[in-house]
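> Curious how this folds, go ahead:
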Amino acid sequence: MKIDVPALKEGENSLELRESASSLDLGGLPGELKSDVLVTLTIHKRGDELVILGKASGVVSEECSRCLRPYDRKFSVEFEVFCDKIGAHKPRADEEQGETYVAHHDGKTLDMGPIVREAIVLSSPMQPLCREDCRGLCPVCGVNLNEQTCSCAAKQPDARWSALAKLKKEGSE
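Have a look, this model is predicted:
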């Protein structure tokens, strides 16, 4: 996913790139990419400096962390990158560290692969859910509570409350 820097005109440039999962090396995702990643970029060029506003989108197949059911999740992540020629930008001590990613190019090409990869991996959920109200699995019998009900919860009191139940029983006697 390389950009030819000299081919960009001064001012605003728009690009649309499509990249396969294998070329992006998205091993940090909890799931598997089911589609190519579509990347749309708006590049503002001023001399050797580039300000890139990007959006990456695609579909990833994941396993729900509550019910363990596989599902497909669409993702769309936006990112911003400041890029200059290697050695041209000297950061000042008083510059604020924001959410802008800083990258460098050699005056010829800029590899967007690592930038897009990092944006996608950082935007993926730590605990993927098939839906917000997923009820998960019964801890006793293992049935998927989204698909059927069980009576295990009614039979098994929570052991963490046993000391309180004992105190309550002693107090009523």
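> number of nearby residues for Val143?
Val143 sits with 14 neighbouring residues when counted by other C-beta atoms under 10 Å. In short, each C-beta sits where N, CA and C put it, glycine included.
> what residues are up against it?
137, 149-150 (C-beta atoms under 8 Å, 6 or more residues apart in numbering).
> Quick check on it: phi, psi?
The main-chain torsion angles of Val143 are listed as degrees, to the nearest 10 and equal phi -70, psi 150.
> Let me know the pLDDT of it.
At Val143 the predicted local confidence, pLDDT, stands at 90.
> Asp106 now?
pLDDT for Asp106: 78.
> from now on call the first residue 674
Sure, I'll start counting at 674 from here, so that last one is Asp779.
> rewinding a little: may I see the PyMOL selection of the buried members of the contacts of Val816?
Selecting only the buried members of the contacts of Val816 in PyMOL, with burial defined as 16 or more other C-beta atoms under 10 Å, works like this:
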select buried, resi 810
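> And the next helix or strand past the helix or strand of the chain with the lowest mean pLDDT?
Per-element confidence for the chain was summarised using mean pLDDT, DSSP states H and E. The lowest value among helices and strands belongs to helix 825-828, with a mean of 66. Moving toward the C-terminus from helix 825-828, the first helix or strand encountered (DSSP states H and E) is helix 835-845.
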